[in-house]
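Engineer: pasting the structure only:
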């Protein structure tokens, strides 16, 4: 039975970046490349992580990196909201 989320995902707001770590990608298809894991906290004090291929951020100025990270975080929040509040049978 699907129950819609109690609160919709934030359309706009702020998150706090807790860490940003670059490491070799564990994805076999990305052998020899790097990823960055961004750990962030939302206004409701929940902590989440996203992974971004490092080549999407390398060589970009800081405002452009921030824009890319913000887009990925926004997409992560909206994807997660699609599942919040659902009840499933097990």
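Structural biologist: Arrived safely, thanks for sending. Keep in mind that what you see is a predicted model, and the values were worked out from it rather than measured.

Engineer: burial count for residue 35?
Structural biologist: Close neighbours of residue 35, defined as other Cβ atoms under 10 Å, add up to 19. For the C-beta atoms, the positions are set from N, CA and C on the backbone; glycine is no exception.

Engineer: which residues pair with it across the strands?
Structural biologist: Beta-bridge partners for residue 35, by DSSP bridges, are residue 23, residue 53.

Engineer: In terms of pLDDT, where does it sit?
Structural biologist: The per-residue pLDDT reported for residue 35 equals 98.

Engineer: isn't residue 40 right next to residue 52, touching?
Structural biologist: No: counting by Cβ atoms under 8 Å, residue 40 stays clear of residue 52, with 11.8 Å between them.

Engineer: All the helices of this protein, in order from the start?
Structural biologist: 62-81 (DSSP state H).

Engineer: circling back: residue 40 and residue 52: who's more crowded?
Structural biologist: residue 40 (22 against 19).

Engineer: Good, wrapping up.
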